[in-house]
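S.K.: model this:
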Amino acid sequence: MRGLIRLELVRVLRNRKFLFFSVLYPSVLFLLIAGTADTTATLDDSGLTLPAYLMVSMASFGALTAVLMGNSERIARERENGWVRQLRLTSLPGRGYVLAKTASAAVAALPSIVVVFAVAATVKDVRLDAWQWLALTGTIWAGSMVFAALGVAIGYAATGDAVRPVTMIVYFGLSLLGGLWMPTTTFPRWLQDIAGWLPTHAYAALGRAMEQSHAPDVRDVAVLLVFLVLFTAGAAWLYRKDTSRA
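M.R.: Presented below is the predicted three-dimensional model:
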């Protein structure tokens, strides 16, 4: 199993196209959106400047890109070309394949978070205490596992031809409606109510709580935990179904 994990890590790190979209793309978006923003004016009643607010959004977006886009497409393609079937003929336990995919996605997610933070601190003068930087990094990185589980589920649910459009719909839908591209306060009231129950909204809210030196909201933690259970259970069921069909 360790050998497969190492192989997956090497494949991710050698994929320049994937690394660009998961590591550099969120930072580019951050600069485009926050490029001319005032670094002193606060946003609504959050007490955060727009660059600080967007920093968490784009770091969360980058981690989401790494774990969701990477997992779903690779798993679906490998199921289609027979690689997963070949692995089942070895002594590798079924959970080992899923663990290797999750580990490789987690490795790709961490640089995307750190690069956004570095750009925000150097270009837009975002300043936090050392413990806040560490807490933010750990929270966003750990929270990305919710979407890693979703990526596994999509990879086992969709065919090789359908996985990209399905993933893109989920990816852009969660990003937009969850408030990763713009504050949900700009939405109509009914859409704000929906956004409040999405995992991406809760995901970014945890990071902003760290920026404000607040304890995470219980509802946000509960929303993420519920979706983690649902996505993990769905991935496990789809994996068993795929195994029994092979």
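S.K.: what pLDDT does residue 29 get?
M.R.: What the model reports as pLDDT for residue 29 is 88.
S.K.: which non-adjacent residue is nearest it?
M.R.: Distance criterion C-beta to C-beta, 6 or more residues apart in numbering; nearest residue to residue 29, sequence neighbours excluded, is residue 58 at 5.8 Å. The C-beta positions use only the backbone N, C-alpha and C, and glycine is treated the same way.
S.K.: So that neighbour: helix, strand or coil?
M.R.: What DSSP: H, G, I helix; E, B strand; the rest coil gives for residue 58 is helix.
S.K.: please renumber so the chain begins at 3
M.R.: OK, 3 is where the count begins now, so the last one is residue 60.
S.K.: Help me confirm that it comes into contact with residue 30.
M.R.: No: look at residue 60 against residue 30 with C-beta atoms under 8 Å: they stay out of range, at 9.2 Å.
S.K.: residues in contact with the nearest residue to residue 115 once chain neighbours are set aside?
M.R.: Closest residue to residue 115 apart from its sequence neighbours, by C-beta to C-beta, 6+ apart: residue 61 at 4.6 Å. Taking C-beta atoms under 8 Å, 6 or more residues apart in numbering, we find residue 61 in contact with 28, 114-115, 118-119, 138, 142, 209.
S.K.: Summarise which helices and strands the helix or strand containing residue 174 is packed against.
M.R.: Taking DSSP states H and E as the criterion, residue 174 maps to helix 165-179. Contacts defined by 3 or more C-beta pairs under 8 Å, 6 or more residues apart in numbering; DSSP states H and E place helix 165-179 against helix 52-66, helix 72-82, helix 147-159, helix 191-197, helix 201-213.
S.K.: can I get the CA coordinates of the shortest one in CSV?
M.R.: The reference is to helix 191-197. What follows is helix 191-197 as a C-alpha-only set of coordinates in CSV (Å, rounded to 0.1, in the frame of the first residue of the first chain):
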residue,chain,number,x,y,z
ARG,A,191,-32.3,36.2,1.0
TRP,A,192,-33.7,32.9,-0.2
LEU,A,193,-30.4,32.0,-1.8
GLN,A,194,-28.5,33.0,1.4
ASP,A,195,-30.7,30.5,3.3
ILE,A,196,-29.7,27.7,1.0
ALA,A,197,-26.0,28.7,1.0
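S.K.: which parts of it are buried?
M.R.: residue 197 (16 or more other C-beta atoms under 10 Å).
S.K.: For that helix, name the packing helices and strands.
M.R.: helix 165-179.
S.K.: what angle sits between the helix it packs on and helix 72-82?
M.R.: 160 degrees (axes from the mean of the first three to the mean of the last three C-alpha atoms, to 10 degrees).
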